[in-house]
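S.K.: pasting the sequence and the predicted coordinates here, then a few questions.
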Amino acid sequence: MHQRSRRRFVVWLSRGLIAFGALAAALGVLAGLARMGWHIPLPHRAQLTVQHGPLLVVGFFVTLIGLERAVAVGRRFSFAAPLAALAASLASLAGAPPLIVQLLMLVAFLAFTLTFGYLLAVARTVHHAVMFAGALSWLVSGFLLSAGVGIPALVPWWLTGFVLIITGERLELARALRPDRRVRTWFVVSVSLLLGGTVLEMFATAAGARLRGLALLSLALWLLRFDVARRGLRQHGLHRFSAVCLLHGYFWLAVAGLLALAFGHQRSGFRYDAQIHALALGFVFSQVFAHAFIIFPAVTGLRLAYRRFTYAAPAVLGASLLLRLAGDLVADAALRRAGGLGNALALVTFAVSIAAGVSRTQRARSPSPPVSGRLATHALGRVGDGGEDPDARLPR
């Protein structure tokens, strides 16, 4: 009975955190539209527009990814990251002193990094090392923010964190294709260039940004060539939908790399907008679309039915992002605003499709640990042999 009560508490806590993360994402998107010039009736409008990035990165993604890992790990300490992200976002929205907000964000990033460090310590695999490096990138941004560094200087660290966490997970699944040493070397070199370029960008902005762009392009080509998503195109239903979203995201990752190579380091303006949102919207949210039908049931215990209508979200996202980047490249603010509104509509469309797919009368008995959680506990002997590639493990 105690175990059942604990599971019920975790499920309801997860649902509450997901709901708050969705609210943070909605406020972040509305703040972004307000920054672009749309007249959005927001309370404390000036304050919220500044929080556009932190609300999405901390309020939504640290909450979402941290919660998914917490359910996978199954340890109490792993819930600290999404709870600290909630506290940081609430403090920001309540108008708390900046120092308090920055410290809470730093705590969220630190707890997030410790969770990924735990997974790495247990499994000691290359893909967990890559995801841990992504968490460290976000932690660096937390320290820089606490030191008074402005948001534009944090953006490369945020973007690098996204890319490493996502590509690390894709590497985990790509092992099913048993890539040879040449393929694995390509991946490791690309990741190393990405980290090196992000660090270099702090001191030599032009060279660092272009090195980071080269790494993004290299990773995009690696994913397009070696990721398992291509196999999903031959399947049907949800499998094909996920594959389409993944490949759509890899295309935008390549675009982001090309933009960084072409324009170098940007701190404001149209090119800055193009570089950020090609990756943050085109790549990151495409991955959210692709994985939502796995992550949502796992962390909420609610069954989620796939519907063909869900294809509308990536279609609207891709078309509106093309419009937005066209506005950025020709310095047309009206075109960019129209594209930004389309981006928001794409996210609303996906939220509606998720809500429509939830069957409230049929609940899963308990959250199912994602594949990353099963691999992480493999080293503790909690699951059977999953056919792990010994070359993918780090030396002890």
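M.R.: Ah, there it is.
S.K.: quick one: low-confidence ranges for this structure?
M.R.: 1-4, 6, 44-46, 174-177, 359-396 (pLDDT under 70).
S.K.: by residue count, what's the longest helix in it?
M.R.: helix 2-36 (DSSP state H).
S.K.: quick one: the helices in the stretch 1-150 of the chain?
M.R.: Taking DSSP state H, counting those that start in this stretch to define them, one finds helices in the stretch 1-150 of the chain at 2-36, 45-50, 52-54, 63-73, 80-93, 98-123, 126-146.
S.K.: what's the most buried one of those?
M.R.: Neighbour counts (mean count of other CB atoms under 10 Å) averaged over each of those peak at helix 63-73, with a mean of 26. From N, CA and C alone the C-beta is placed, and that goes for glycine too.
S.K.: just to revisit the earlier point, which other helices and strands does the longest helix of the chain contact?
M.R.: helix 45-50, helix 52-54, helix 63-73, helix 80-93, helix 286-300, helix 333-357 (3 or more CB pairs under 8 Å, 6 or more residues apart in numbering; DSSP states H and E).
S.K.: can you put these in TSV and add distance to V189?
M.R.: Shown next, in TSV, are the helices and strands packed on helix 2-36 (distance: least, CB to CB, whole Å):
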stretch	distance to V189
helix 45-50	37
helix 52-54	29
helix 63-73	25
helix 80-93	30
helix 286-300	22
helix 333-357	33
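S.K.: A80 against F109, yeah?
M.R.: No. With contact defined as CB atoms under 8 Å, A80 does not count as touching F109 (11.1 Å).
S.K.: from the chain's centroid, how far away is the longest helix of the chain?
M.R.: Averaging C-alpha positions (CA atoms, centre = their mean, to the nearest Å) puts helix 2-36 15 Å from its chain's average.
S.K.: now do stretch 166-180
M.R.: For stretch 166-180, the separation from the chain centroid amounts to 17 Å (computed by CA atoms, centre = their mean).
S.K.: what about it, how long is it end to end?
M.R.: The first and last residues of stretch 166-180 sit 21 Å apart, counting by CA to CA, to the nearest Å.
S.K.: circling back to that earlier point, how big is the angle separating the longest helix of the chain from helix 63-73?
M.R.: 160 degrees (axes from the mean of the first three to the mean of the last three CA atoms, to 10 degrees).
S.K.: tell me the angle of helix 2-36 relative to helix 333-357?
M.R.: Computed by the same axes, to 10 degrees, the angle between helix 2-36 and helix 333-357 is 160 degrees.
S.K.: quick check: A135 touching A111?
M.R.: No. Counting by CB under 8 Å, A135 sits too far from A111 to count as a contact (9.9 Å).
S.K.: need the helices of the stretch 1-150 of the chain in CSV with distance to A355, can you?
M.R.: Formatted as CSV, the helices of the stretch 1-150 of the chain follow (distance: least, CB to CB, whole Å):
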stretch, distance to A355
helix 2-36, 10
helix 45-50, 24
helix 52-54, 24
helix 63-73, 16
helix 80-93, 21
helix 98-123, 27
helix 126-146, 29
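S.K.: looking at the ones you listed, which is nearest to H239?
M.R.: Nearest to H239, of all the helices of the stretch 1-150 of the chain, is helix 63-73, at 19.9 Å by CB to CB.
S.K.: list the helices and strands the closest one packs on?
M.R.: Packed next to helix 63-73, using 3+ CB pairs under 8 Å, 6+ apart, are helix 2-36, helix 80-93, helix 98-123, helix 286-300, helix 371-378.
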